[in-house]
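> when you get a sec, could you give me coordinates for this:
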Amino acid sequence: MKNLRSRIRSANSTLQLTKAMGLVASSKIRRALTAMTNGREYAAAFEEAIRLLTASPDCARSPYMMPRETDRTRLIVIAGDRGMAGGYNANLFRLAATFPDAQKLPIGKRACDRFGGELISSEHFSAADASEWAKKLCEDFVKGEYDRLGILHTRYVSMMTQEPVVSWILPLTAEKSSGSTAVLFEPGEREVLDTAVPSYVTGQIMAAVRESFACEVAARRTAMDAAGKNAQQMIDELQLAYNRARQGAITQEITEIVAGGNA
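Below you'll find the predicted structure:
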């Protein structure tokens with residue numbers, strides 16, 4: 001009975017912890033989803049502009065579209081700041097392991113712990129940070145210090161489903177165009193493209209960071225809900241076992257008293 005009481009107290013402590021973390025995640029989820037939606041819309045608008053520009057033959061001479069002979073990869077890896085979010089971080093790192101030769105640039109405390117580098121929070125990663133990263137990445141790409149840029153992040157499907165993906169950002173590729181567009185770029189398509197790419201990369205990084213954070217919060221709330229249900233089920237089972245043991249002890253005492261009286 002003493003052991004059962006100890007286990008019940010421990011399960012109750014776990015239940016209180018999971019409830020608290022679930023409430024924190026719930027309080028953040030709406031703001032995170034709004035930021036994710038805004039980031040997606042901003043990135044989609046830039047993607048459309050880049051699509052129009054890359055369709056121009058003049059842009060084929062841009063350093064951001066020139067073919068490369070090698071395949072040196074830089075991979076921005078966006079993970080969470082904390083654990084207790086189900087398989088959120090583990091799934092991401094499993095996908096990252098499929099790129100063993102890539103230079104990994106981590107965002108998120110768990111990614112920084114795994115791949116090294118300055119500690120950078122994914123929750124507090126700002127647009128100014130993204131702009132600084134994009135400027136340096138674009139400069140290095142033009143200099144030829146690497147050949148391919150990707151962002152490894154988690155895509156939000158629903159509150160119950162999030163999946164790790166890699167979005168390839170550079171080099172830019174031209175889509176087949178059905179004809180000329182009605183859009184006129186001044187002073188010229190290539191000049192506009194070369195100027196717009198850093199802002200495009202900034203938007204892609206910020207959209208991925210915001211979506212990843214929304215996925216982390218959703219995964220944590222789902223994990224805490226499941227953990228809370230399991231803890232409650234364990235408490236119910238332990239309480240039942242405790243009641244049976246207590247009833248058995250009382251019955252034993254009564255039996256001994258009755259037996260003693262008859263003697």
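
> surely residue 155 forms part of a helix?
No. Counting by DSSP: H, G, I helix; E, B strand; the rest coil, one finds residue 155 to be strand, located in no helix.

> residue ranges with poor pLDDT in the stretch 51-200 of the chain?
Across the stretch 51-200 of the chain, residues meeting the criterion (pLDDT under 70) sit at 176-182.

> the helices in it, which residues?
88-96, 109-115, 127-143, 189-262 (DSSP state H, counting those that start in this stretch).

> now do the contacts for residue 95.
Applying C-beta atoms under 8 Å, 6 or more residues apart in numbering to residue 95 gives the contacts 152, 164, 165, 166. Bear in mind the C-beta positions are built from the backbone N, C-alpha and C, glycine included.

> let's have the helices of the stretch 51-200 of the chain in JSON lines, adding distance to residue 5.
As requested, the helices of the stretch 51-200 of the chain are arranged in JSON lines below (distance: least, C-beta to C-beta, whole Å):
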{"stretch": "helix 88-96", "distance to residue 5": "35"}
{"stretch": "helix 109-115", "distance to residue 5": "36"}
{"stretch": "helix 127-143", "distance to residue 5": "50"}
{"stretch": "helix 189-262", "distance to residue 5": "7"}
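
> to residue 55, which of these lies closest?
If you check each of those against residue 55 by C-beta to C-beta, helix 189-262 wins as the nearest, at 8.7 Å.

> which one of the helices of the stretch 51-200 of the chain lies closest to residue 59?
Closest among these, once you apply C-beta to C-beta, is helix 189-262, at 5.0 Å.

> direction-wise, compare that closest one with helix 127-143 and give the angle.
Counting by axes from the mean of the first three to the mean of the last three C-alpha atoms, to 10 degrees, helix 189-262 lies at 130 degrees to helix 127-143.

> could you give the number of residues near residue 139?
Neighbour count for residue 139, taken as other C-beta atoms under 10 Å: 11.

> spatially central residue in this protein, please.
residue 212 (3.2 Å; C-alpha atoms, centre = their mean).

> ok, that one to residue 39 distance?
Using C-beta to C-beta, to the nearest Å, residue 212 is found at 10 Å from residue 39.

> what sits against residue 129?
residue 120.

> so who does residue 67 touch?
Neighbours of residue 67 in contact, by C-beta under 8 Å, 6+ apart: residue 171.

> and it, how far is that from residue 191?
21 Å.

> residue contacts, residue 137?
Here residue 137 is in contact with 74, 149, 170, 201 (C-beta under 8 Å, 6+ apart).

> what's the answer for residue 121, then?
By C-beta under 8 Å, 6+ apart, the contact list for residue 121 reads 81, 108, 109.

> picking up where we left off before, which of the contacts of residue 137 has the most neighbours?
residue 201 (25 neighbours).

> now that one. Nearest residue, chain neighbours left out?
residue 134 (3.9 Å; C-beta to C-beta, 6 or more residues apart in numbering).

> residue 208 is in contact with the one you found, correct?
No. Between residue 134 and residue 208 there is no contact under C-beta atoms under 8 Å: 11.9 Å.

> quick one on the thing from earlier: any chance of the contacts of residue 121 in JSON lines, plus distance to residue 230 and neighbour count?
Compiled in JSON lines, the contacts of residue 121 are given as follows (distance: C-beta to C-beta, whole Å; neighbours: other C-beta atoms under 10 Å):
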{"residue": "81", "distance to residue 230": "24", "neighbour count": "21"}
{"residue": "108", "distance to residue 230": "27", "neighbour count": "27"}
{"residue": "109", "distance to residue 230": "27", "neighbour count": "18"}
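
> residue 119 contacts residue 112, doesn't it?
Yes. Between residue 119 and residue 112 there is a contact under C-beta under 8 Å: 5.0 Å.

> higher neighbour count, these two?
residue 112 (20 against 11).

> contacts only, for the more buried one.
Neighbours of residue 112 in contact, by C-beta under 8 Å, 6+ apart: 106, 118, 119, 120.
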